[in-house]
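**Q** kindly generate the corresponding structure for this input.
(one chain, ligands or ions: 1)
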Amino acid sequence: MRAIVQDRYGDPDEVLQIREVDIPSPAPGEVLVRVRAASVNPDVWHAISGYPRVMRLMGAGLKRQKQPIPGLDMAGVVTAVGHDVTDFRPGDAVFGETHDQIQWINGGAYAEYVCVPQHVLALKPGNISFEQAATVPTAGIIALVNLQKHIWEKPGQRIVINGAAGGVGSIAIQLAKANGAYVIGVDHTTKLDYMRSLGADKAMDYTQEDVTELEQAIDLLIDVASTLSLSSAKRMLKPDGLIVIIGHDHYGAKGRRTLGGIPYFLGLMLWARFDRHLPWPSFGSMEKRDAMEALRGMIESGALNPVVARTFPLSEVPTAIRYLQEGQACGRIVIVP
Ligand SMILES: NC(=O)c1ccc[n+]([C@@H]2O[C@H](COP(=O)([O-])OP(=O)(O)OC[C@H]3O[C@@H](n4cnc5c(N)ncnc54)[C@H](OP(=O)(O)O)[C@@H]3O)[C@@H](O)[C@H]2O)c1
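**A** The predicted model follows:
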């Protein structure tokens with residue numbers, strides 16, 4: 001099969017090559033999927049570049065990625081199943097991440113075939129394309145986990161999503177609107193109409209306006225871009241308002257090459273014990289399969305319509321990653337093998 005392969009960590013333009021490699025065989029509990037579409041998110045850049053370095057100790061591989069084929073989110077068709085697979089059969093259309101480890105570990109999705117544990121997959125909704133389905137897993141799980149914990153029980157809240165036109169934000173706007181929220185989306189000048197088209201009640205331009213000075217009485221701030229300081233963000237919150245920081249490293253622009261945002265998040269977790277505006281992080285609060293099933297239901301009901309920013313062929317993965325880094329995408333970029 002054709003696959004994108006990396007032999008070492010480094011700049012995607014320098015370390016990625018397209019090669020012929022063997023089709024993998026499914027281990028017990030895994031299915032072999034013919035990949036119809038895969039998507040590109042900021043974690044793919046981390047996995048390929050090897051930054052922050054600590055990821056190499058967290059299972060990715062010390063000198064190179066143990067799995068040489070990058071790509072985590074995909075949609076495709078099951079072509080074979082390993083022993084003990086009971087949930088899927090050949091011919092099933094599925095979507096999901098390709099493993100259940102940290103997102104900085106290569107997932108093998110930038111290839112014509114990939115083996116995936118059955119417990120992280122869901123059946124692809126019939127009312128969207130494979131390209132749309134591939135945009136959903138990582139971003140959808142982050143958006144769902146953080147929204148359902150804080151707003152599902154209390155519809156009608158005022159929510160600010162900072163970085164609302166990216167992969168996570170595009171889904172978060174739609175899920176929040178489906179829950180009756182008033183949504184203020186903040187992103188770049190070029191993405192204001194896009195945020196409104198997803199349902200945002202108000203779209204703000206971060207290059208011109210400071211949402212923390214203009215908005216008040218906010219129930220929930222979801223800071224996907226992770227660019228707002230805690231003290232200024234608190235200015236716009238209700239007394240019981242909450243701040244959820246997703247953690248965007250902007251491709252190493254923040255420095256933090258060794259430990260990344262880990263010390264910052266550990267500090268936040270400690271601080272959360274004393275600060276009523278900081279909820280306990282949502283990591284691991286929902287099984288991936290359950291999240292994928294919930295997202296499937298929302299897509300089938302029409303509450304969520306995943307957005308493809310642009311597609312690239314498999315051979316152009318480095319170009320696709322550069323396009324993501326340049327900040328041009330509204331929604332998710334998709335790779336079609
Ligand atoms: N917390 C978790 O559980 C978890 C798990 C996995 C991954 N993550 C992280 O979550 C992030 C996912 O984000 P994503 O996929 O949605 O990223 P994305 O697609 O890159 O979207 C980020 C958006 O933020 C915008 N932006 C940049 N600077 C901004 C600013 N100062 N103010 C407002 N908006 C700004 C970007 O626009 P421009 O670039 O055009 O300015 C872009 O539209 C990744 O960094 C990933 O590592 C978190």
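
**Q** when you work out contacts or count neighbours from here on, use the C-alpha atoms and nothing else.
**A** Noted.

**Q** state the three-state secondary structure for the nearest residue to Gly108 once chain neighbours are set aside.
**A** Counting by CA to CA, 6 or more residues apart in numbering, Ile69 is the residue found nearest to Gly108 once chain neighbours are left out, at 4.4 Å. Look at Ile69: counting by DSSP: H, G, I helix; E, B strand; the rest coil, its state is coil.

**Q** which ones are touching Ile69?
**A** Taking CA atoms under 8 Å, 6 or more residues apart in numbering as the criterion, Ile69 is in contact with Ala3, Ile4, Val5, Gln6, Asn106, Gly107, Gly108, Ala109, Tyr110, Ala111.

**Q** can we see that at 6 Å?
**A** Listed by CA atoms under 6 Å, 6 or more residues apart in numbering, the contact set of Ile69 reads Ile4, Val5, Gly108.

**Q** what's the distance between the helix or strand that the first one is a member of and the middle of its chain?
**A** Just to be clear, that refers to Ile4. Here Ile4 is covered by strand 2-6, with elements defined by DSSP states H and E. Going by CA atoms, centre = their mean, to the nearest Å, the spacing between the C-alpha centre of strand 2-6 and its chain's C-alpha centre is 22 Å.

**Q** can you pull the phi/psi pair for the residue most central in space within the chain?
**A** Among the residues of the chain, Ala139 comes closest to the average C-alpha position under CA atoms, centre = their mean, at 2.8 Å. Listed backbone geometry of Ala139 is phi -60, psi -40, with angles given as degrees, to the nearest 10.

**Q** which of the helices or strands spans the closest residue to it other than its chain neighbours?
**A** Spatially, and ignoring its direct neighbours in sequence, Ala139 is nearest to Val168 (4.4 Å; CA to CA, 6+ apart). Taking DSSP H and E as the criterion, Val168 maps to helix 167-178.

**Q** now that helix: average pLDDT?
**A** When the per-residue pLDDT values of helix 167-178 are averaged, the result is 97.

**Q** how about that helix and the ligand, touching?
**A** Yes - using CA under 6 Å from any ligand atom, we find that helix 167-178 touches the ligand at Gly167, Val168, Gly169.

**Q** for the residues you listed, give me TSV that also has neighbour count.
**A** Compiled in TSV, those are given as follows (neighbours: other CA atoms under 10 Å):
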residue	neighbour count
Gly167	30
Val168	27
Gly169	29
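
**Q** separation between the closest residue to Ala329 other than its chain neighbours and the ligand?
**A** If you skip the residues right next to it in sequence, Ala329 has Ala309 as its closest partner in space, 5.5 Å away by CA to CA, 6+ apart. The span separating Ala309 from the ligand equals 10 Å under the rule CA to the nearest ligand atom, to the nearest Å.

**Q** that'll do, ta.
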